[in-house]
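Q: Sequence below, structure please.
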Amino acid sequence: MTAAKRVTVRRAETRRRLLDAALDVFAAEGFGRTTVEQVCDHAGFTRGAFYSNFSSLDELFLAMWEERSAAMLDDVRTALGGVAEADPDAALRAAFHAIPVDDAWFRVTAEFTAHALRTPALRRVMAAREQAILDAVLPAVVAALARGGRRVPDETALGQALVAVHDGTSAQILLDPGDPAVRARREHLFFVVLNAYSTPSSPDRESEELP
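A: Take a look at the predicted model:
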């Protein structure tokens, strides 16, 4: 291995450890109370290692969010593409279950969102990234609905409604994690929203509804 490649590998490993450490510290301490020193201590690095990878905790969080969003999108696309064309409802259900509800991540994102709402430039970055996620996943959802004989008149409205379902029901699940009825209602609401924001492609399908 060349010296340059060793540096690249070491830098990637440092970045990985900083990201992992930050999630632990953010979840335990709260984003607003976390310092660069705490993240460095948890990762076993100095401030120099931190600032050679990130300019701020905001940048670190955004990198973490981008990474987790990319993984989630891959899982959703795989779920939507892994079910037979003849069973679009199963594909949509699989995609729904591919979106994780994670206690630590929910706490961190909720706190960072509040932080971003107080920072106009950061708020615009968050809004743009949320839209990028919807732009990436909605075409696959719309295609699955189309295979089931339904069309989506307003994809933006559907996307916003699905985000609202995810965020609101995630909080309910995390507040009462042992109740399977909460998860069942979450899945039911997901399909209610899909049905409400789509219409039959042809008149003879008017009476059909998603489960």
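
Q: Okay, now the unreliable bits of this protein?
A: 1-7, 82-86, 203-211 (pLDDT under 70).

Q: what separates the most centrally placed residue in the chain from residue 145, distance-wise?
A: Centroid-nearest residue in the chain: residue 69, 4.8 Å away (criterion: C-alpha atoms, centre = their mean). In this view, residue 69 and residue 145 are 22 Å apart by C-beta to C-beta, to the nearest Å. Where you see a C-beta, it was placed from the backbone N, CA and C, and this is true even at glycine.

Q: quick one on the thing from earlier: which of the helices or strands spans the closest residue to the residue nearest to the centre of the chain other than its chain neighbours?
A: Nearest non-adjacent residue to residue 69, counting by C-beta to C-beta, 6 or more residues apart in numbering: residue 133, 5.5 Å away. Using DSSP states H and E, residue 133 sits within helix 120-147.

Q: domains in this protein, as residue ranges please.
A: 1-54, 57-205 (automatic domain parsing).

Q: Just the strands from the protein, written as ranges.
A: 150-151, 199-200 (DSSP state E).

Q: Could I get those strands in TSV, plus columns for mean neighbour count and distance to residue 40?
A: Listed next are those as TSV, based on neighbours: other C-beta atoms under 10 Å; distance: least, C-beta to C-beta, whole Å:
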stretch	mean neighbour count	distance to residue 40
strand 150-151	17	51
strand 199-200	14	54
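
Q: can you redo the ones you listed as a markdown table with distance to residue 170?
A: Output for those, formatted as a markdown table (distance: least, C-beta to C-beta, whole Å):
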| stretch | distance to residue 170 |
| --- | --- |
| strand 150-151 | 25 |
| strand 199-200 | 28 |
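
Q: just checking, residue 187 touches residue 94?
A: No - using C-beta atoms under 8 Å, residue 187 makes no contact with residue 94, being 11.5 Å away.

Q: Pick out whichever of these two has more residues nearby.
A: Taking neighbours as other C-beta atoms under 10 Å, residue 187 and residue 94 compare with residue 94 leading, 19 against 15.

Q: measure that one to residue 81 for me?
A: From residue 94 to residue 81 the distance is 10 Å (C-beta to C-beta).

Q: now do residue 135
A: 18 Å.

Q: Could you do residue 140 as well?
A: 8 Å.

Q: Between those two, tell me which one has more neighbours.
A: Taking other C-beta under 10 Å, residue 140 and residue 81 do not tie; residue 140 has more neighbours (18 against 14).

Q: Alright, I will stop here.
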